[in-house]
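Trainee: Predicted model and sequence below, questions to follow.
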Amino acid sequence: MNELRYTLVSDGSFDVALLPILDWLLVQNGVDYAIQSNWADLRRLVLPAKTLSEKIRTSMDLYPCEILFIHRDAEREARETRVNEIKNAIREIGNDNPFPYICVVPVRMTEAWLLFDARAIKHAAGNRHGRQRLNLPRLSELEGAANPKQILFELLQRSSRLSGRRLKRFPVRYHASRVSYLISDFSPLRDLSAFRSLESELRTLIRTSGWHN
């Protein structure tokens, strides 16, 4: 095997921002194959997948891979609740030969995992060399933040240094989607319990599958 393919099944299109994080985790945990990542874009299907099990089954058909990463935001639920929802969906598929999958459940949502790197946020906002202090949340507070998406959007708007009509026209969602691609080191996220759980499960799968160097 010359490459390791993985597919991300997610709640929404913004969660493609998880791909750089997953790439980083694979490399950090010893994978030395070329990594080919795909986000399962199911938005244009003639018959859209409605349930999580349907999304997983369709993604497996359209995006064959060695690992399926299945994302759900914890939102107001406990991480364990979302993990159990994923496991139940896998059981509904009823595959006699279980495929390798990993649960990706940020607390509370994907945006919380992007709130630790001020440089990347400024860069994504188009103000790479900005000197303003952003006052990012402490890492210990990220999993308790009520609305990480709103926090990220406000930080990007502040970093842009725009005002008035120019600020109103600022495409904040687009700039938010760039943040993770401008981060080179995700190790600070190891302070978060949900991220540690993700890395632990992935490390075990890499070792048992013989994908490590």
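Mentor: On my side now, so go ahead.

Trainee: in the lengthiest helix in the chain, what's buried?
Mentor: Ordering each helix of the chain by length in residues (DSSP state H) puts helix 193-209 first. Under the neighbour-count criterion of 16 or more other C-beta atoms under 10 Å, helix 193-209 has Ala194, Phe195, Ser197, Leu198, Glu199, Leu202, Leu205, Ile206 buried. From N, CA and C alone the C-beta is placed, and that goes for glycine too.

Trainee: how about low-confidence regions in the chain?
Mentor: Along the chain, the model assigns pLDDT under 70 to residues 96-97, 213.

Trainee: can you do 80?
Mentor: 1, 95-98, 130, 213 (pLDDT under 80).

Trainee: now the helices: where do they sit in it?
Mentor: For the chain, the helices defined by DSSP H cover 19-28, 52-62, 79-93, 118-124, 139-142, 148-160, 164-168, 172-178, 193-209.

Trainee: Now tabulate those helices in CSV and tack on distance to Asp11.
Mentor: Shown next, in CSV, are the helices of the chain (distance: least, C-beta to C-beta, whole Å):
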stretch, distance to Asp11
helix 19-28, 14
helix 52-62, 10
helix 79-93, 10
helix 118-124, 21
helix 139-142, 18
helix 148-160, 12
helix 164-168, 28
helix 172-178, 14
helix 193-209, 15
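
Trainee: Indicate which one of these is closest to Pro106.
Mentor: helix 193-209 (5.7 Å; C-beta to C-beta).

Trainee: list the helices and strands the closest one packs on?
Mentor: Packing partners of helix 193-209 (3 or more C-beta pairs under 8 Å, 6 or more residues apart in numbering; DSSP states H and E): helix 19-28, helix 79-93, strand 101-104.

Trainee: picking up where we left off before, ranking the helices of the chain by burial, who's on top?
Mentor: For these, ranked by mean neighbour count under the definition mean count of other C-beta atoms under 10 Å, the leader is helix 118-124 at a mean of 21.

Trainee: what does that one rub up against?
Mentor: Here helix 118-124 makes contact (C-beta atoms under 8 Å, 6 or more residues apart in numbering) with 114, 128-130, 134, 136, 152, 155-156, 159, 175-176, 178-180, 182-183.

Trainee: With stretch 9-25 instead?
Mentor: Outside stretch 9-25, the residues that touch it by C-beta under 8 Å, 6+ apart are 6, 8, 35, 37, 39-41, 43, 55-56, 59, 68-73, 104, 110-111, 113-114, 173, 176-177, 179-181, 183, 185-186, 189, 198-199, 202.

Trainee: Going through these, which ones are buried?
Mentor: 6, 8, 35, 37, 39-40, 55-56, 59, 68-73, 104, 110-111, 113-114, 176-177, 179-180, 183, 186, 189, 198-199, 202.
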